[in-house]
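Trainee: No sequence on hand, only this structure:
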């Protein structure tokens, strides 16, 4: 497997990259609370699923 490095503004290439966020974004309030909490822990990349089928 071959990997290619990418440079992201504000991301230190010498440190591990953590992309974090809720599995499913249910409300704006939930997403904003999660984003603020993760940012306070140093997470620079945030993601949230906007549609996830439930069973």
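Mentor: Here it is on my side, so go on. In this text, all values refer to a predicted model and were calculated from it rather than measured experimentally.
Trainee: which stretches of the protein have low pLDDT?
Mentor: Across the chain, the ranges flagged by pLDDT under 70 are 52-55.
Trainee: could you pull out the helices for the chain?
Mentor: Taking DSSP state H as the criterion, the chain contains helices spanning 28-40.
Trainee: Identify the bridge partners of the spatially most central residue of it.
Mentor: Centroid-nearest residue in the chain: residue 46, 2.3 Å away (criterion: Cα atoms, centre = their mean). Counting by DSSP bridges, residue 46 is bridged to residue 20.
Trainee: I'd say it and residue 36 touch.
Mentor: No - between residue 46 and residue 36 there is no contact under Cβ atoms under 8 Å: 10.1 Å. Using the backbone N, CA and C atoms, a C-beta is placed for each residue, glycine as well.
Trainee: check contacts around residue 34.
Mentor: Residue 34 sits next to 21, 22, 46, 48 when contact means Cβ atoms under 8 Å, 6 or more residues apart in numbering.
Trainee: any chance of those residues in TSV, plus distance to residue 30?
Mentor: Below are the contacts of residue 34 laid out as TSV (distance: Cβ to Cβ, whole Å):
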residue	distance to residue 30
21	10
22	6
46	13
48	9
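Trainee: got the contact list for the nearest residue to residue 31 once chain neighbours are set aside?
Mentor: The shortest distance from residue 31 to any residue other than its chain neighbours is 4.8 Å, reached at residue 25 (Cβ to Cβ, 6 or more residues apart in numbering). By Cβ under 8 Å, 6+ apart, the contact list for residue 25 reads 31, 48, 49, 50.
Trainee: how deep is the third one tucked in, by neighbour count?
Mentor: Right, residue 49. 11 (other Cβ atoms under 10 Å).
Trainee: Once you drop chain neighbours, what's closest to it?
Mentor: Counting by Cβ to Cβ, 6+ apart, residue 24 is the residue found nearest to residue 49 once chain neighbours are left out, at 4.9 Å.
Trainee: quick one: the one you found and residue 31 touch, right?
Mentor: No - Residue 24 is beyond contact range of residue 31, at 10.0 Å (criterion: Cβ under 8 Å).
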